[in-house]
Structures are given as C-alpha cells and as structure tokens.
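K.L.:
Give me a 3D structure for the following:
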Amino acid sequence: MGTAAPWQTRRIDRPLPSHEAVYDHFGWRLRASRGERTTGRLAETHEYFHRQLDDTTAFGGLTSVVAALADALPESGWFDQRRQLISMSDLVHETFAVGMSLLTTQRRIEPIDDYPTYDRHVRAAQRLLGSAIHPWVALAGLRAAATACMQSAALAAAVDSGLAGFDPSRLPLMDRPNHRLAALLKANYADAVAAEQARASTEHGMHEWWQPAGDVMLTPDAMDGAAATASAVVHRRLLDEAAAMLRLAGSGTVDPERHHDQLRALLAEARALAPAGLTRIGALVEAPGGDLLHGGPLDGQIIELTTTPSRVVILPATEVSGLSGEGNRRHAFVVVTTPRRIRAAFDVQGVPLPEREALACLRTTIFEGSTRDSILLLPVERPETLDIPEPVFVSVMSSAAAADPEGAAAWMRWADTERVSMVMDTPATAALRRWCANGASFRTDTRLISLDGDEEIRVIVGRVEEPRRRSPLVIIPSTEFGARWFEAARAEDAVLGAAVIEDPDLFERESDHLDVVLGHLLLEERFVGTGSWRQ
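P.N.:
Numbers count the residues shown, from 1 in each chain. Next up is the predicted model:
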C-alpha cells in the first residue's frame, strides 16, 4: 500500500482548527494534520505535558480523581470542584506545558506566530527561568518549578477530610499551585537556575550533545545516557531550591515519590462513590510506582478526521445492498462497534439504533456523484444471517470487544482470519503488554497515510503471534508523536522490547486486507485513536 490513498475525499468544516488540541484529563483531542507542520506537533506535545504534570504530581492526581468523578457522576457537584481545582493550578499547568512543548519541539521559549494565547505563558516561563538559559538546563528548571508548585498538601487535605467533606475553597493559599508559582517568582527562582546554568556549562559545555546542531537545539544524545543522568541531578537540585523558597514563604513541599499512597487512598474512596466505574485516573493506577510509560500519547489520543461525512443513515439490512467496491474488488465490510461511538460521531438518521452494548453493521459510503454524502449502516443480528458471496471483511473496535466480548468473538471466529482486524480505540500499550506477556511476539510496521493535501495519519499495524495462533490484524491509528513514543516505549519496556518485531514487508504482504480496511476506517470513522472510545 502506498503512502498516498487514491480515494475521493471532501473537506468538512470542523470546530477544532488543525493546529489546536484539547486536553480533558483523560487524554486529548486533535485534528489530523500534516506531520511536517511543527505547529501541529507543538499542539499535541503541549497537551501531553498537561497530562504528564497531572500524572506525576499530588495536586494533579487530586484534580484527576475529581475530574473522573465529574465524568462518572454528571449530575453531581464534582464539576464545580474540578473547576475550582483547575483555576488554582492553570497558570502552573500552562507555563509548564507551553515551555516544555516549545523546548521539546526545538524552539526557544519565545512568542511564536499563530499562538497568541501562548504569549503570556511564554513571558511567565521567561521570568521563572531567566534569560539566555541553555535548553537542557531550562527543561530541568521548568520541570522542577512546576513539580514543586504541584506538590502541595492539598491531596493530603482531601484524604484527611474525605472526598464527601472536601472543599477546595478552604485550601490555604499556599497549598494552591498558582500561589506557589507567584512565590517562586518573588523569590527569584531564576537566580538558582542561572547558578545551575553556570555549573552545568563548566561540567558539560565540552560535550557534543551540549552544542546545538543547526536548528536542533537539543540533540537526542542530550536526553539519553550520561546526559540524562546529569539532567536528573540538575532537576533534583533545582527542586530542592524551589522547595526551600516555598518553605520560606510558609508552605511545605511533598516529595514527588511520597504522595502515591495518599492518591491510592483517594482513588479507593472515589471508586466507592462511583461503583459503575471511573475513567482512567492516571499513570499511578496503570503502573504502580508512578511510571508514565503506560500513560503516553499512544494511549490517550482522539484524532478527528475531516474526510468523513457527518451524517450516518441506519437502514434494515434487507432494504438495500451494503456492498462496497467495484468489479473484482467488490466486498462487504462489517464493523463491530458501539452505539456510543456512532451517536458521538454522526448526525444519526433512519431507523433507531438497536439498544445494546455493541452491534455489528454492514458499512459503506453513499456517494452523490463523486462526493461522499453519508455513511450507510445496516445492522446485522448474527454472523450466520449474513449470506453474501463476495469477500467479507470484519473490523472490530476494541471498545466493542470490551463491551460485548462474546458477540465480538463470534464475529472474529466466523470470518476468515486473513480478513479480520482489531482497531484499537482503547489504550493500546497495556493491551499489547497483556497479549505478549507470556512470550508472544508482535510483528509490526508503521506507515504514513496521506488522506488529502492537508491531512495525514500514522498507522501502526501488526499481528500477535504464538506457536499455534495468530491474532487478527491489530490496527493502531496514531500521529507522528504517538508513533515516536511507541518507538521509545519499546526501548524502555522489557516486555515490549522483547515482543516487538519490526517487519518492513508487513504492509505489502497484507496489502489486499489493508487497502480495504484502511479505506473504510479512515474515510468512514470520524474519530480514531486509542482515546476515541471516550468521544
């Protein structure tokens, strides 16, 4: 399969501009855009750092628990508490996310075109760090300051009072991250950063990784090996400096490794308040010890595709043909999905959707001339009722498999294994680790797929293989950022590192299957990505 798809497409106006992304405590939503656009990468990286700060800090963990309660109990008062906690930490969050995203996309901490809302947070980062700071030192200094601001006693206060009795408005001012940031600015935290800059320049200025390489201010070597170890030392020293400044201002700082038990206690209480379940809380829940590996971008993206019609028409399967393609490429495409996904993505017309956890539908596109007009869905009760001579391709959304395991398994058993795919719209990393934990391998490759002149998406494809079993084709839609993160995760995680096998011929070998399934997936799903089950 080539990098350009020769499908007819049309642009549909969406409310989310291509260079923007939106974080919601459980992941982020962004529009597909060309990977060469640094602003697109900047937007997604920005949202990732919001999540990282929530995942690794006490105040972030508290906010995430309350956000999950607000999501699970929409008629309760948790939305107001979430709003209060966000308003107490938003300046810290934005200063951190803006500064870190600029530095990690090889930019200086300076105002940039097309992002006027960044300007005030750029100025805050400049005041916090000082001028002419090497990006390697700036990364450590910004992370240390943000961590110190977020490591207040607010989480402990919520545990002590219990969630039912917790009132954010009663938190002392110096337990609120924004007030702690103001205290660091007043105490001239930038002087401590300047001292570390001088020390680091003397100790590391002779190394190649310290020197910029053209437009690359931070080479990969600056983040690995001895340089990474040295960066951790600088971070720790600056964190201690920030904690000392806050102590003089009348407030303590919780060690970043010491709030985990409190967060677990609060989470247990939250689960009792919402017995129907909570959306993902944070890295601590998924990987005890606070490891962020399973909370990365591959597990939280909602990618909006503008090539998809906004209308879906539901008709009985006996009313009209649900076949796709022409001539020898004529086929049937069955998607096993959830009514929630359909209703969230489309203007639904026609007969009512069946009320069930998951459903299977013949799916195809309705054209008006050469224009993609709408999506046609024909619900199918059971696999054995489908009597079609043409090849049948079955694509199961992972959220549907979770909602109705028996129903999804019935379709996967019924279909030809070479024409069955599992599309990940739920977190993929933990699933891959679970599938490969007993020695199975994941044979995979990643390709860039161009949808039209302005949009492209990375698609990670593979099969889990054991001696006597081969899985359906696993498809993970992602972005350049997500694909790069997957490469890093494989290098850092022992299970993934042992299980993942690069197979550069996989797309060509699976081309007959991929031409069909990606054509339907990328032109008939409005939202894809491992967080899209939440849309």
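
K.L.:
and Pro504, helix, strand or coil?
P.N.:
Put simply, Pro504 is coil when judged by DSSP: H, G, I helix; E, B strand; the rest coil.

K.L.:
wait, Phe330 sits on Thr364?
P.N.:
No, residue 330 isn't Phe; it's Arg. No: Arg330 lies out of contact with Thr364 (C-beta atoms under 8 Å); the separation is 11.0 Å. (C-beta placed from N, C-alpha, C; glycine too.)

K.L.:
okay, and the common contacts of those two?
P.N.:
The contact sets of Arg330 and Thr364 overlap at Leu323, Ser324 (C-beta atoms under 8 Å, 6 or more residues apart in numbering).

K.L.:
Between those two, which is the more surrounded one?
P.N.:
Between Arg330 and Thr364, counted using other C-beta atoms under 10 Å, the more crowded position is Thr364 (21 against 13).

K.L.:
so who does the spatially closest residue to the more buried one that is not a sequence neighbour touch?
P.N.:
Spatially, and ignoring its direct neighbours in sequence, Thr364 is nearest to Ser324 (4.4 Å; C-beta to C-beta, 6 or more residues apart in numbering). Going by C-beta under 8 Å, 6+ apart, Ser324 touches Arg330, His331, Ala332, Phe333, Thr364, Thr365, His520.

K.L.:
Give the bridge partners for the fifth one, please.
P.N.:
Note on Thr364: beta-bridge partners by DSSP bridges are Leu376.

K.L.:
quick one: it and Val459, what's the gap?
P.N.:
21 Å (C-beta to C-beta, to the nearest Å).

K.L.:
give me the number of residues near the closest residue to Ala440 other than its chain neighbours?
P.N.:
Nearest residue to Ala440 in three dimensions, chain neighbours excluded: Glu466, at 4.7 Å (C-beta to C-beta, 6+ apart). Neighbour count for Glu466, taken as other C-beta under 10 Å: 13.

K.L.:
partners of Glu466 in the sheet?
P.N.:
Beta-bridge partners of Glu466, as defined by DSSP bridges: Arg469.

K.L.:
who's in contact with it?
P.N.:
Here Glu466 is in contact with Gly439, Ala440, Ser441 (C-beta under 8 Å, 6+ apart).

K.L.:
burial count for the first one?
P.N.:
Using other C-beta under 10 Å, Gly439 has 10 neighbouring residues.

K.L.:
Repeat that for the second one.
P.N.:
Neighbour count for Ala440, taken as other C-beta under 10 Å: 17.

K.L.:
Also the one 5 residues further on?
P.N.:
Burial measure for Asp445: 18 neighbouring residues, criterion other C-beta under 10 Å.

K.L.:
And Ser169, by the same measure?
P.N.:
8.

K.L.:
Surely it and Gln84 touch.
P.N.:
Yes: counting by C-beta under 8 Å, Gln84 is a contact partner of Ser169 at 6.3 Å.

K.L.:
Of the contacts of Ser324, which belong to strands?
P.N.:
The strands in this structure, assigned by DSSP state E, contain His331, Ala332, Phe333, Thr364, Thr365 from those.

K.L.:
Leaving out sequence neighbours, find the closest residue to the first one.
P.N.:
Counting by C-beta to C-beta, 6+ apart, Pro391 is the residue found nearest to His331 once chain neighbours are left out, at 4.7 Å.

K.L.:
part of a strand, is Phe393?
P.N.:
Yes: counting by three-state DSSP, one finds Phe393 located in a strand.

K.L.:
residues near it, how many?
P.N.:
Per other C-beta under 10 Å, the neighbour tally for Phe393 reads 22.

K.L.:
Is it in contact with Arg330, as I believe?
P.N.:
No: using C-beta under 8 Å, Phe393 makes no contact with Arg330, being 11.7 Å away.

K.L.:
Look at the residue nearest to Ala440 and report its pLDDT.
P.N.:
pLDDT for Glu466: 91.

K.L.:
next one: Pro15
P.N.:
Predicted confidence (pLDDT) for Pro15: 39.

K.L.:
Tell me how many other residues crowd Arg237.
P.N.:
Neighbours around Arg237, by other C-beta under 10 Å: 17.

K.L.:
List the beta-bridge partners for the closest residue to Ile475 other than its chain neighbours.
P.N.:
Of all residues not flanking Ile475 in the chain, Val423 sits nearest, at 4.8 Å (C-beta to C-beta, 6+ apart). Counting by DSSP bridges, Val423 forms beta bridges with Met397, Ile475.

K.L.:
Pretty sure Val423 sits against Met397.
P.N.:
Yes: Val423 is in contact with Met397 according to C-beta under 8 Å; the separation is 5.3 Å.

K.L.:
So the two - more neighbours on which side?
P.N.:
Each of Val423 and Met397 has its neighbours counted (other C-beta under 10 Å); Val423 has more, 29 against 26.

K.L.:
now that one: how far from Pro116?
P.N.:
37 Å.

K.L.:
same thing with Glu203?
P.N.:
38 Å.

K.L.:
Tell me which of these two has more neighbours.
P.N.:
Comparing Glu203 with Pro116 by other C-beta under 10 Å, the one with more neighbours is Glu203, at 13 against 9.

K.L.:
which residues touch that one?
P.N.:
Ala230.

K.L.:
following the helix or strand hosting it, which helix or strand shows up next?
P.N.:
Applying DSSP states H and E as the criterion places Glu203 in helix 189-204. Note on helix 189-204: by DSSP H and E, the next helix or strand toward the C-terminus is helix 225-248.

K.L.:
on contacts alone, who are the packing partners of that next one?
P.N.:
In terms of contacts (3 or more C-beta pairs under 8 Å, 6 or more residues apart in numbering; DSSP states H and E), helix 225-248 is packed against helix 135-150, helix 177-186, helix 189-204.

K.L.:
Could you say which one of those helices comes nearest to Leu315?
P.N.:
Closest to Leu315 of these is helix 135-150 (C-beta to C-beta; 52.0 Å).

K.L.:
low-confidence ranges in the protein?
P.N.:
Across the chain, the ranges flagged by pLDDT under 70 are 1-21, 28-29, 33-40, 279-297, 452-454.

K.L.:
backbone phi and psi for Arg463, please?
P.N.:
phi -130, psi 140 (degrees, to the nearest 10).

K.L.:
How many residues are close by it?
P.N.:
Residues contacting Arg463 under the criterion other C-beta under 10 Å number 20.

K.L.:
returning to that earlier point: so which of the contacts of Ser324 is the closest to Leu69?
P.N.:
Nearest to Leu69 among those, with distances taken as C-beta to C-beta, is His520, at 37.1 Å.

K.L.:
Spatially, what comes nearest to the spatially most central residue of the chain if we skip its sequence neighbours?
P.N.:
Taking C-alpha atoms, centre = their mean, the centroid of the chain lies closest to Gly300, which sits 2.4 Å from it. Nearest non-adjacent residue to Gly300, counting by C-beta to C-beta, 6+ apart: Gly27, 2.8 Å away.

K.L.:
Run through the residues that contact that neighbour.
P.N.:
Per C-beta under 8 Å, 6+ apart, neighbours of Gly27: Arg51, Arg280, Asp299, Gly300, Gln301, Ile302, Thr530, Gly531, Arg534.
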